[in-house]
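**Student:** Quick one, what's the 3D model for this:
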Amino acid sequence: MEPDQVQALFTRGDGQYLCARWGRPIVPVVFGVEDATLSVVKGALEAVVALAGHQMAETDPELGANLMIFFFRDWAELPEVPNLDRLVPGLAELCAKLAAADANQYRIFRFDVEGAIRAAFVFIRMDAHLAAVPVETLALSQAVQVILLWSDRAFADRSPLAMGDGGAVMLRPEIAGVIRAVYDPVLPGVAQDAAHALRVAARMGRLA
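**Tutor:** Residues are numbered from 1 along each chain as shown. Below is the predicted model:
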């Protein structure tokens with residue numbers, strides 16, 4: 001990818017460049033799915049985390065679990081989850097706005113003092129559209145979108161996934177390259193200067 005293409009992936013709607021990666025091992029917990037789906041979701045997370053060269057763990061010493069993924073049918077269900085409003089202040093108001101917008105997914109990130117990702121909440125409302133998506137595709141898409149703090153516009157026009165040989169869904173090679181490069185130890189855990197995109201593009205060339 002060219003540097004301007006990398007830059008676009010992390011330039012938000014307000015024009016701010018912001019790229020952040022996880023600063024600690026990822027400890028996921030998934031709510032609202034059966035065991036078979038749970039294994040698919042965790043498998044997708046493990047694959048993307050391995051691609052990044054990052055780590056997963058059994059528990060987070062501060063939070064217990066630091067990646068919480070919720071599957072549900074209606075936004076009104078979330079405020080009824082015990083203690084979730086303590087983790088996500090203003091949850092009821094947020095859900096009301098998302099319901100009014102007919103949104104089917106939303107992600108909230110929390111950051112450490114240095115700006116790296118320390119926790120994330122992923123909310124997935126299984127509307128008719130998402131219910132028609134194969135679970136492997138949905139799981140991989142969510143794993144990709146939570147491994148980095150992408151721009152709010154990064155995948156508005158094009159999915160991070162593509163159809164591979166034999167009809168299998170896979171991560172687009174250039175997006176995989178960006179993930180590997182951003183997690184390279186020589187790069188910072190968080191960047192707010194667009195010059196960071198030049199470094200990411202350069203690392204992609206070296207890691208290819």
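
**Student:** And for the most centrally placed residue in the chain, nearest residue in space, chain neighbours not counted?
**Tutor:** Residue closest to the average C-alpha location in the chain (C-alpha atoms, centre = their mean): residue 146, at 1.2 Å. In space, residue 146 comes closest to residue 120 once its chain neighbours are excluded; the distance is 5.3 Å by C-beta to C-beta, 6 or more residues apart in numbering. In this view, the C-beta of every residue, glycine as well, is placed from N, C-alpha and C.

**Student:** Compute the distance between the one you found and residue 60, please.
**Tutor:** 12 Å (C-beta to C-beta, to the nearest Å).

**Student:** what's the overlap in contacts for these two?
**Tutor:** Counting by C-beta atoms under 8 Å, 6 or more residues apart in numbering, the residues touching both residue 120 and residue 60 are residue 66.

**Student:** where's the nearest residue to residue 63 once chain neighbours are set aside, which helix or strand?
**Tutor:** Nearest residue to residue 63, sequence neighbours excluded (C-beta to C-beta, 6+ apart): residue 119, at 5.9 Å. Using DSSP states H and E, residue 119 sits within strand 117-125.

**Student:** Could you give the separation of that strand from the chain centroid?
**Tutor:** Taking C-alpha atoms, centre = their mean, to the nearest Å, one finds strand 117-125 lying 7 Å from the centre of the chain it belongs to.

**Student:** what does stretch 167-176 contact?
**Tutor:** So stretch 167-176 is contacted by 1, 5, 48, 51, 134, 136-137, 140, 144, 159-164 (C-beta under 8 Å, 6+ apart).

**Student:** among those, who's most crowded?
**Tutor:** Counting neighbours by other C-beta atoms under 10 Å, the top entry in the contacts of stretch 167-176 is residue 144, with 25 neighbours.

**Student:** And that residue, how far from residue 107?
**Tutor:** 11 Å.

**Student:** okay, the residue nearest to residue 25 when sequence neighbours are not counted: pLDDT?
**Tutor:** Counting by C-beta to C-beta, 6+ apart, residue 25 lies nearest to residue 57, which is 3.8 Å off, once chain neighbours are set aside. In this model, residue 57 is scored at 95, pLDDT.
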